[in-house]
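Enquirer: Below are the sequence and a predicted model; questions follow.
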Amino acid sequence: MHDARILVDALRDPASVATLASHQWSELISIARAESLIGALAHRLQYVAVPDRVRAVLQDAVGAHDLARRQALWEADCARRALAGYPGKIVLMKGTAYVAANLSAGVGRSIGDLDIMVDRDDLPAVETALLDAGWEWVKPDPYDDEYYRQHMHELPPMIHRERDRMIDVHHTILPLTARPDPDAQAMLNNAVALDSGLHVMAPTDMVLHSIAHLFADGDLAGGLRNLWDIDRLIREFSEADEEFWTELAVRAKTHGLVREMERALRLAARLYHTPVYKYRAGQTEFADYLYARRMLARDGFGRETRKLTRFAFYVRSHWLRMPPLMLARHLWTKWRKGSKAAK
């Protein structure tokens, strides 16, 4: 096993697992766990014949996802009740949004922290309400606190003192120092209300948020899972609305994410055969090969491989987040803090 393509093939075409040998099943399960896609894989293979030992693993994954789904929805409702006096929109993001809106992207989706988005001007009121309801700061360090508030797209992370569950309060979708500058207010204005009173992003904004998270903010860690989200969202939204592709192009321009959108469409089509033929995704670039190489960098034990490629994308993620001088200052400060802590 040279990379994670066996997982991509199984997700794209569940019938392809029929020819897997015993050792390949072990590799598939190991890679799926490492990529946080074991839940999605389990649901994809529910009606496919698999070895008994594999079926037991997949059934456990389905059960774990069902529990995680209930926990995520409960945590979202806890936040809703804590912010009952807040008059603005509370927009769920990422995995919690997918399951709350009953989207196919939420089926088997691993869900970690609760991510919400509110108007930036309302951050003090939201912050105070959450602190009063039992959340507290994860990072009390003054430098980290100042860095988050001045440069990031969210408040410093908070954790509930009793439930031990984290919440990230966003006011936009990318760090303020990032090169793209998405229109957060436009996303809030177009957010769709759920029966609970919470909101989720409009379909095209939801897709573009996932694209921004993957290609404009980070080192592509977890890239296969995020690209799977994009595939699921695009399939569902484009089938439901014939104007989806036109609106996606318009919103990509609004948020300054045209290049990222085109790359996401090319890579989704390349790996998951996402049907993007209705929209021109731009010409294939050599860099697409490097992105795919980074996403597939796992061996049969689920371990990360291709150290040079991963390091290059790690450097790229920091380069995207801040200008060179600011990056140097930030890394120097973090290094000094780490050195003092080690003494």
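Expert: Looks like it came in fine. As the structure is a computational prediction, the values presented were derived from the model and not from experiment.
Enquirer: Every contact and neighbour count from this point should use C-alpha atoms.
Expert: Fine.
Enquirer: Would you map the helices across the stretch 1-150 of the chain?
Expert: Remark: helices assigned in the stretch 1-150 of the chain by DSSP state H, counting those that start in this stretch are 5-12, 22-34, 38-44, 52-82, 94-100, 123-132, 142-151.
Enquirer: Using CSV, please lay out those helices together with mean neighbour count, mean pLDDT and distance to residue 229.
Expert: Formatted as CSV, the helices of the stretch 1-150 of the chain follow (neighbours: other CA atoms under 10 Å; pLDDT from 0 to 100; distance: least, CA to CA, whole Å):
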stretch, mean neighbour count, mean pLDDT, distance to residue 229
helix 5-12, 20, 98, 12
helix 22-34, 19, 97, 15
helix 38-44, 24, 98, 10
helix 52-82, 16, 97, 16
helix 94-100, 24, 98, 9
helix 123-132, 16, 97, 28
helix 142-151, 13, 83, 27
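Enquirer: Could you export those as JSON lines, including distance to residue 301?
Expert: Below are these laid out as JSON lines (distance: least, CA to CA, whole Å):
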{"stretch": "helix 5-12", "distance to residue 301": "12"}
{"stretch": "helix 22-34", "distance to residue 301": "6"}
{"stretch": "helix 38-44", "distance to residue 301": "14"}
{"stretch": "helix 52-82", "distance to residue 301": "16"}
{"stretch": "helix 94-100", "distance to residue 301": "26"}
{"stretch": "helix 123-132", "distance to residue 301": "41"}
{"stretch": "helix 142-151", "distance to residue 301": "35"}
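Enquirer: List just the one of the ones you listed that sits closest to residue 234.
Expert: Distance to residue 234, taken as CA to CA, is lowest for helix 94-100 among the helices of the stretch 1-150 of the chain, at 12.8 Å.
Enquirer: So which other helices or strands are in contact with the closest one?
Expert: helix 52-82, strand 114-117 (3 or more CA pairs under 8 Å, 6 or more residues apart in numbering; DSSP states H and E).
Enquirer: Turn these into TSV, including distance to residue 2.
Expert: Putting those into TSV (distance: least, CA to CA, whole Å) gives the following:
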stretch	distance to residue 2
helix 52-82	22
strand 114-117	34
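Enquirer: about what we covered before: out of the helices of the stretch 1-150 of the chain, which is closest to residue 166?
Expert: helix 52-82 (9.2 Å).
Enquirer: Helix 123-132 and that closest one, what's the angle between them?
Expert: Angle of helix 52-82 versus helix 123-132, following axes from the mean of the first three to the mean of the last three CA atoms, to 10 degrees, is 110 degrees.
Enquirer: Return the set of buried residues in stretch 153-166.
Expert: When burial is assessed from 16 or more other CA atoms under 10 Å, stretch 153-166 yields the following buried residues: 153-160, 165-166.
Enquirer: which among those gets closest to residue 177?
Expert: Looking across these and measuring by CA to CA, the closest to residue 177 is residue 153, at 9.0 Å.
Enquirer: how many neighbours does the nearest residue to that closest one once chain neighbours are set aside have?
Expert: The shortest distance from residue 153 to any non-neighbouring residue, by CA to CA, 6 or more residues apart in numbering, is to residue 175 (4.5 Å). Neighbour count of residue 175, defined by other CA atoms under 10 Å: 23.
Enquirer: try residue 176
Expert: Under the neighbour criterion other CA under 10 Å, residue 176 is assigned a count of 19.
Enquirer: tell me the contacts of it?
Expert: Neighbour list for residue 176: 151-153 [criterion: CA atoms under 8 Å, 6 or more residues apart in numbering].
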